[in-house]
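Colleague: sharing a model that was predicted from the sequence below.
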Amino acid sequence: MNHTKGEWRVTKHRPLNSWVVDVNGDDLINRTTIAQCYDNEADAHLIAAAPDMYEALTAIKNDGKVEADFWKLRHKALAKAGGKA
């Protein structure tokens, strides 16, 4: 899968009073905005967790077996989706 690389995170964008999902948010020159959610912080956290969810799901094999790090990946994705990461 070819998605924007880096840690997707949620920040509050003050001028527009919205939630922003971005990569490299502290670097104003190299910042990449993934999404902007105007009313719902929970939506922003779900979007930010997408790469982690994808990584966890790819740890499940076609035969239903999971790779050793699946549970760690699952925990990370769910924490991020819930706004706790």
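Modeller: Okay, I see it. All values reported here derive from a predicted model rather than from experimental measurement.
Colleague: who does the longest helix anywhere in the chain touch, helix- and strand-wise?
Modeller: The residue-count maximum for a helix in the chain (DSSP state H) belongs to helix 70-81. The contact analysis (3 or more Cβ pairs under 8 Å, 6 or more residues apart in numbering; DSSP states H and E) places helix 70-81 against helix 41-48, helix 50-58. Just so you know, the C-beta spots here come from the backbone N, C-alpha and C atoms, and that holds for glycine as well.
Colleague: what does stretch 11-27 contact?
Modeller: Outside of stretch 11-27, the residues within contact range by Cβ atoms under 8 Å, 6 or more residues apart in numbering are 4-10, 30-38, 40-41, 43-44, 47-48.
Colleague: how does it look with 10 Å?
Modeller: Stretch 11-27 is contacted from outside by 3-10, 30-51, using Cβ atoms under 10 Å, 6 or more residues apart in numbering.
Colleague: what does stretch 33-45 give?
Modeller: 3-4, 6, 8-13, 16-23, 25, 46-48, 50-51, 79-85.
Colleague: then stretch 65-80?
Modeller: Taking contacts as Cβ under 10 Å, 6+ apart, the residues outside stretch 65-80 that touch it are 7-10, 45-46, 48-61, 84-85.
Colleague: wait, what's in contact with the nearest residue to Val23 once chain neighbours are set aside?
Modeller: Distances taken as Cβ to Cβ, 6 or more residues apart in numbering put Gly6 closest to Val23, at 3.8 Å, once the chain neighbours are dropped. Neighbouring residues of Gly6 by Cβ under 10 Å, 6+ apart: 22-25, 30, 32, 34, 51.
Colleague: brilliant, that's me finished.
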